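Undergrad: I'd like to go over a predicted model; first the sequence, then the structure.
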Amino acid sequence: LVASMEDVEVSYIMIKPDGVQRGLVGEIISRFEKKGFLLKGLKLFQCPKDLAEEHYKDLKDKSFFPKLIDYITSGPVVCMAWEGVGVVASARKLIGATNPLQAEPGTIRGDLAVQTGRNVVHGSDSPDNGQREIALWFKEGELCQWVSAQASWLR
Ligand code: RTP
């Protein structure tokens, strides 16, 4: 084993309504799977307004906040909990910059999106927020504790 269990984090990754509507669910999940992270939770979910507001509460004073809440609640999202060593920062790299026009080719937003307000995917910005967001979006019993057969090659 090359990393200790202390380095294992969880990140809340969400495919936003545009990603679902555009048929990008498989493509986006595949990038996290291929990287070698472990899927602990997965559901298609119609987000209620109060949950969207709680999730984005740090942005509530921004001018784009009402539009952001309308966007996130406009159709189903795919909620995911991904586990792995350094998964929080790595997922942010795989996702790319908030503005897809500034996101590098090879990243999800760099390859698949154009507008900041339609940037297809969310990823937690710190390990603490990863824990907080997973507790917010998943109920107890919705996460699976399992070990992938590949785990010894990936950790
Ligand atoms: P996320 O939380 O979705 O992973 O995005 P982020 O950290 O890259 O970006 P953040 O600044 O936290 O913004 C959250 C989401 O709000 C939308 N947004 N719209 N000027 C705008 O219209 C604007 N700015 C941000 C985006 O969907 C962004 O991902």
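TA: Nice, I can see it.
Undergrad: could you verify my assumption that Lys16 touches Pro76?
TA: No. Between Lys16 and Pro76 there is no contact under Cβ atoms under 8 Å: 10.0 Å. In this view, the C-beta of every residue, glycine as well, is placed from N, C-alpha and C.
Undergrad: neighbour-wise, which of those two wins?
TA: Taking other Cβ atoms under 10 Å, Lys16 and Pro76 do not tie; Lys16 has more neighbours (24 against 16).
Undergrad: send me stretch 11-22 as PDB with only the CA atoms.
TA: Extracted as PDB, the C-alpha positions of stretch 11-22 are listed here (Å, rounded to 0.1, in the frame of the first residue of the first chain):
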ATOM      1  CA  SER A  11     -16.000  14.200  -2.400                       C
ATOM      2  CA  TYR A  12     -19.500  15.100  -3.300                       C
ATOM      3  CA  ILE A  13     -19.800  15.200  -7.100                       C
ATOM      4  CA  MET A  14     -23.000  16.200  -8.800                       C
ATOM      5  CA  ILE A  15     -23.900  16.100 -12.500                       C
ATOM      6  CA  LYS A  16     -26.000  19.200 -12.900                       C
ATOM      7  CA  PRO A  17     -29.300  19.200 -14.900                       C
ATOM      8  CA  ASP A  18     -27.600  20.200 -18.100                       C
ATOM      9  CA  GLY A  19     -25.300  17.200 -17.900                       C
ATOM     10  CA  VAL A  20     -28.300  14.900 -17.400                       C
ATOM     11  CA  GLN A  21     -30.300  16.600 -20.200                       C
ATOM     12  CA  ARG A  22     -27.400  16.400 -22.600                       C
END
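Undergrad: residues contacting Pro48?
TA: If you count contacts by Cβ atoms under 8 Å, 6 or more residues apart in numbering, Pro48 has them with Thr73.
Undergrad: use 52 as the first number from now on
TA: In the new numbering, first residue 52, that becomes Pro99.
Undergrad: just confirm Ile64 is within a helix.
TA: No. Applying DSSP: H, G, I helix; E, B strand; the rest coil, one finds Ile64 to be strand, outside a helix.
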